[in-house]
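In: Here is a sequence with its predicted model. Questions after.
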Amino acid sequence: MKADTLGKLQCAARDGQCRLFYLDEAGFRAAPPVQRSWSPRGLPHSIEPNSHCRRNVVAALNFGENSFIYTASASTVKGSDVIEFLDSLIQQGDGRPTVIVLDNASVHHSIDQHTLDRWFLEHKALLFYLPPYSPELNLIEIVWKHMKYHWRRFVTWTKETIDAELAALLSGYGTKFQINFS
């Protein structure tokens, strides 16, 4: 039932009748995720860990425009960070209704009813929660996968380079990198 509703919302967003966003958080470590590797015969494979170098990102995929809006931080994403990001996203509206698709992470449910009512009355914005354990319905999950495993340069970032490398990766969506969701 939720999948059918999402399909109708996607059609409305393509026709320009509403703004549809898929929101989620992701973490990026300095060392790239290693799925396959090699090493010289007789020597073990090793990567220098850099566990203290991590960035957390809150982002929204604009389905109708196929664009990406994000904010990155060195600290853990909390409910207040999500509310601040959502508030900024909603206030950038152009008068059309806005629907924001969220999973059931606890930080997504920390929004008080007064704020939800204000967003609805002032900006025609609604939150649309996905069913539990349904990441296949949250299209931004596909973007995260591509960013982490396909588009990221396979180099270890340092404390000095992580912010610039992450900004280049995230801001490249829509120009250097793109996914066709049609």
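Out: It's in. Numbering: from 1, shown residues only.
In: N56 falls within a strand, correct?
Out: Yes: membership of N56 in a strand is supported by DSSP: H, G, I helix; E, B strand; the rest coil.
In: At the geometric centre of this protein, which residue do we find?
Out: Closest to where the C-alpha atoms of the chain average out (Cα atoms, centre = their mean) is A59, at 3.6 Å.
In: wait, what's in contact with it?
Out: Going by Cβ atoms under 8 Å, 6 or more residues apart in numbering, A59 touches 23-26, 68-71, 140, 143, 170. (C-beta placed from N, C-alpha, C; glycine too.)
In: And these, which is closest to Q113?
Out: Distance to Q113, by Cβ to Cβ, is smallest for L23 among the contacts of A59, at 18.9 Å.
In: any idea which element the residue nearest to the centre of the chain lies in?
Out: strand 54-62 (DSSP states H and E).
In: Could you pull out the helices in this structure for me?
Out: Applying DSSP state H to the chain gives helices spanning 2-14, 79-91, 113-123, 140-146, 162-171.
In: would TSV of those with distance to F181, mean neighbour count and mean pLDDT be doable?
Out: TSV is the format used below for the helices of the chain (distance: least, Cβ to Cβ, whole Å; neighbours: other Cβ atoms under 10 Å; pLDDT from 0 to 100):
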stretch	distance to F181	mean neighbour count	mean pLDDT
helix 2-14	8	14	87
helix 79-91	19	17	91
helix 113-123	24	13	92
helix 140-146	8	18	89
helix 162-171	18	16	86
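In: what about the longest strand along the chain, average pLDDT?
Out: Taking DSSP state E as the criterion, the chain has its longest strand at strand 19-29. Throughout strand 19-29, pLDDT has a mean value of 92.
In: Could you name the helices and strands sitting against that strand?
Out: helix 2-14, strand 54-62, helix 79-91, strand 98-102, helix 140-146, helix 162-171 (3 or more Cβ pairs under 8 Å, 6 or more residues apart in numbering; DSSP states H and E).
In: tell me the angle the second one makes with strand 98-102.
Out: For strand 54-62 against strand 98-102, the angle between stretch directions is 140 degrees (axes from the mean of the first three to the mean of the last three Cα atoms, to 10 degrees).
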